[in-house]
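# Any chance you could fold what I've pasted below:
(one chain, ligands or ions: 1)
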Amino acid sequence: MALPSPEREQWSSRLGFVLAAAGSAIGLGNIWRFPFKAGDNGGGAFVLIYLTCLVLLCVPYLFAELALGRNGKRNPVGAIRAIDARSPWPLVGGLCVVAGLAILSYYAVVAGWAVGYVLRDLVAAGAPDAVFARVIADPLWVVPLFGGFLFATAGVVAGGVRRGIERWAKILMPVLFVLLCLIIFRSVTLPGAGAGLDFYLTPDFSKVSGLVVVEALGQAFFSLSLGMGTMITYGSYLPDDENLIVSGGYVAAFDTLIALMAGLMIFPAVFAMGQNPAEGPSLVFVVLPDVFGAMPLGSFVGTLFFLLLAIAAFTSGISLLEVFVSYLVDETPWSRRAAAWGAGGIAFALGLPSALSQGAVPALSDLSWLVGDRFFGPSPGVLDVMDFLWGSVALVLSAALLSLFVGWVWGADEALTELRSGTGHTVGRVAGPVWCAAIKYAFPITILAVLVIDLLYDVL
Ligand code: PHE
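Numbering: from 1, shown residues only. Below is the predicted model of the structure:
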């Protein structure tokens with residue numbers, strides 16, 4: 001096994017790791033994607049299915065990623081190579097590293113919109129949806145916002161694990177929590193908010209189909225930042241005596257708590273203002289500004305909301321960049337600084353077409369001549385195509401392969417030993433074998449089934 005280089009950094013404490021990893025997990029996925037998926041798929045029923053998938057499949061798999069990272073004390077490629085160097089398996093780590101950067105490239109575009117909203121709210125008035133359409137179509141807004149977001153991300157990552165990532169997570173995560181509580185308070189005290197709470201908290205099983213289960217699983221998975229090497233990388237900075245089960249458990253619990261709270265923030269306001277909860281991806285960027293526009297203290301709450309969204313995206317963006325940077329630092333002579341700025345620059349170049357695809361450059365806004373409209377919906381732009389290829393397909397594929405690697409090549413028993421080290425006691429006699437079975441069979445089979453069903457559904 002490769003030994004970690006002596007100067008490799010570690011988190012300063014469990015709290016530092018938990019906040020950084022929760023910062024990765026809590027992102028646009030919780031605050032933008034989760035509420036609209038729940039709104040589209042039957043509210044409370046979706047939430048119940050989401051929780052089931054999370055506990056039965058995603059959390060066990062989260063433990064596998066953390067164990068793999070800590071065992072190798074390396075980036076995803078190095079962590080796999082530490083176990084099996086003479087096979088093509090390290091390529092799966094390579095897929096994670098590349099996909100992390102590709103996801104960051106368009107994630108930063110959406111994050112830039114949120115930042116734009118914070119600024120725009122302060123300087124300009126106008127119908128909110130019109131403002132949004134203008135902001136995302138105007139290259140003079142979009143490119144600096146997107147570039148600025150990546151610049152700040154690279155700056156934090158260049159600072160290192162403790163003095164960059166951990167320090168900022170410790171500042172930003174509490175701010176995020178306070179903002180969320182403030183907005184929830186405003187939302188649930190609006191007259192008519194009760195209908196939103198009913199919708200969100202009362203399961204309507206008539207809306208549940210097989211596809212809803214697929215959606216819920218995909219969401220749980222994306223939300224925990226799985227399949228992307230982030231948890232392998234963050235796990236690689238954990239000391240050997242850290243209890244992975246407890247600290248991983250905290251990360252999952254915070255992520256879930258914030259997603260559930262995001263629903264509590266959004267639905268009461270949407271219902272109180274007479275809007276439709278099943279508006280899809282535009283729920284946050286188009287419907288909510290309308291909601292804010294109509295409610296007392298709305299423009300202030302709106303600014304807070306987009307600040308919240310930007311912070312959540314920022315700590316996730318940091319983790320996406322860190323995967324690539326840890327690869328460069330471990331495997332090449334590059335210094336962390338050079339790696340962070342270089343990787344940030346590549347993400348910028350990769351993301352430009354996505355940034356310009358929302359109306360700025362018409363040729364990038366509709367790629368149906370190239371990719372058809374079966375997989376990507378009607379008139380897909382570069383951003384939609386990137387999200388589908390990397391955010392859906394690559395992510396799920398690499399997770400399935402990684403769990404096969406952990407379960408069969410490394411060996412579930414070996415992985416379990418790593419998982420147990422630092423717990424101070426053995427994982428229960430029942431829990432151990434159940435976890436092994438989840439990693440060897442249940443997780444890869446289900447997640448591959450999800451991929452196939454998703455693709456078939458798009459084709460048929
Ligand atoms: N978990 C993040 C979110 O919920 C997204 C993400 C995925 C971040 C993969 C890093 C890696 O928005």
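# Let me know the helix or strand that the nearest residue to residue 438 once chain neighbours are set aside is in.
Nearest non-adjacent residue to residue 438, counting by C-beta to C-beta, 6 or more residues apart in numbering: residue 60, 4.3 Å away. No exception for glycine: its C-beta is placed from N, CA and C like everyone else's. Taking DSSP states H and E as the definition, residue 60 sits inside helix 59-72.
# Next: residue 118.
Residue 118 belongs to helix 90-123 when assigned by DSSP H and E.
# quick one on the thing from earlier: which other helices and strands contact the helix holding residue 60?
Contact here means 3 or more C-beta pairs under 8 Å, 6 or more residues apart in numbering; DSSP states H and E; on that basis helix 59-72 packs against helix 76-81, helix 230-235, helix 244-272, helix 395-404, helix 412-420.
# can you give me the angle the helix holding residue 118 makes with helix 395-404?
On the basis of axes from the mean of the first three to the mean of the last three C-alpha atoms, to 10 degrees, helix 90-123 is oriented at 140 degrees to helix 395-404.
# and helix 90-123, average pLDDT?
This predicted structure assigns helix 90-123 an average pLDDT of 88.
# again with stretch 410-424
For stretch 410-424, mean pLDDT is 87.
# okay, that stretch in CSV with CA atoms only?
The C-alpha trace of stretch 410-424 is given here as CSV (Å, rounded to 0.1, in the frame of the first residue of the first chain):
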residue,chain,number,x,y,z
TRP,A,410,-10.7,-4.6,-2.5
GLY,A,411,-13.1,-6.9,-0.7
ALA,A,412,-16.1,-5.9,1.4
ASP,A,413,-14.4,-7.5,4.5
GLU,A,414,-11.3,-5.5,4.0
ALA,A,415,-13.3,-2.4,3.6
LEU,A,416,-15.2,-3.2,6.7
THR,A,417,-12.0,-3.6,8.6
GLU,A,418,-11.0,-0.1,7.5
LEU,A,419,-14.4,1.2,8.4
ARG,A,420,-14.2,-0.4,11.9
SER,A,421,-10.8,1.0,12.7
GLY,A,422,-11.2,4.0,14.8
THR,A,423,-14.7,3.0,16.0
GLY,A,424,-13.3,1.7,19.3
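# Using JSON lines, please lay out the helices and strands packed on helix 59-72 together with mean neighbour count and distance to residue 43.
Below are these laid out as JSON lines (neighbours: other C-beta atoms under 10 Å; distance: least, C-beta to C-beta, whole Å):
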{"stretch": "helix 76-81", "mean neighbour count": "27", "distance to residue 43": "36"}
{"stretch": "helix 230-235", "mean neighbour count": "29", "distance to residue 43": "29"}
{"stretch": "helix 244-272", "mean neighbour count": "22", "distance to residue 43": "8"}
{"stretch": "helix 395-404", "mean neighbour count": "24", "distance to residue 43": "25"}
{"stretch": "helix 412-420", "mean neighbour count": "19", "distance to residue 43": "35"}
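# Quick check: which of those is nearest to residue 333?
Smallest distance to residue 333 across these (C-beta to C-beta): 14.7 Å, for helix 76-81.
# For the residue nearest to residue 438, grab the count of nearby residues.
Residues lying near residue 60 (other C-beta atoms under 10 Å) number 21.
# is it true that residue 238 lies in a strand?
No - counting by DSSP: H, G, I helix; E, B strand; the rest coil, one finds residue 238 to be coil, located in no strand.
# ok, the residue of the stretch 51-200 of the chain found nearest the ligand - how many residues close by?
Residue of the stretch 51-200 of the chain nearest the ligand, by C-beta to the nearest ligand atom: residue 103 (6.2 Å). Residues lying near residue 103 (other C-beta under 10 Å) number 26.
# This protein against the ligand: which residues are in contact?
Counting by C-beta under 6 Å from any ligand atom, the residues of the chain close to the ligand are 24-25, 27-30, 222-223, 225, 228, 230, 316, 319-320.
# Restricted to helices, list the residues you listed.
Members of the residues of the chain next to the ligand lying in helices (criterion: DSSP state H): 24-25, 28, 222-223, 230, 316, 319-320.
# which stretches of the stretch 101-250 of the chain aren't confidently modelled?
121-131 (pLDDT under 70).
# Now do the contacts for the closest residue to the ligand within it.
Per C-beta to the nearest ligand atom, residue 225 is where the stretch 101-250 of the chain lies closest to the ligand, at 3.6 Å. Neighbour list for residue 225: 21, 24-25, 27, 231, 316, 319 [criterion: C-beta atoms under 8 Å, 6 or more residues apart in numbering].
# redo that, cut-off 10 Å
Residues in contact with residue 225 (C-beta atoms under 10 Å, 6 or more residues apart in numbering) are 21-27, 29, 62, 65, 100, 103, 231, 234, 251, 255, 316, 319-320, 323, 395.
# Please indicate which of these are buried?
With burial judged by 16 or more other C-beta atoms under 10 Å, the buried subset of the contacts of residue 225 is 21-27, 29, 62, 65, 100, 103, 231, 234, 251, 255, 316, 319-320, 323, 395.
# The strand or helix carrying residue 302: how far from the chain's middle?
Taking DSSP H and E as the criterion, residue 302 maps to helix 298-331. Its chain's C-alpha centre and that of helix 298-331 lie 10 Å apart, by C-alpha atoms, centre = their mean, to the nearest Å.
# ok, and for stretch 179-198, which residues are buried?
Neighbour counts using 16+ other C-beta under 10 Å place 179-180, 182-184, 186-188, 190, 193, 196-197 of stretch 179-198 among the buried residues.
# which of those residues lies closest to residue 244?
Using C-beta to C-beta, the buried residues of stretch 179-198 come closest to residue 244 at residue 180, 27.2 Å.
# Next, the angle helix 298-331 makes with whichever strand or helix holds that closest one.
Under the criterion of DSSP H and E, residue 180 resides in helix 167-188. Interaxial angle of helix 167-188 relative to helix 298-331 (the same axes, to 10 degrees): 150 degrees.
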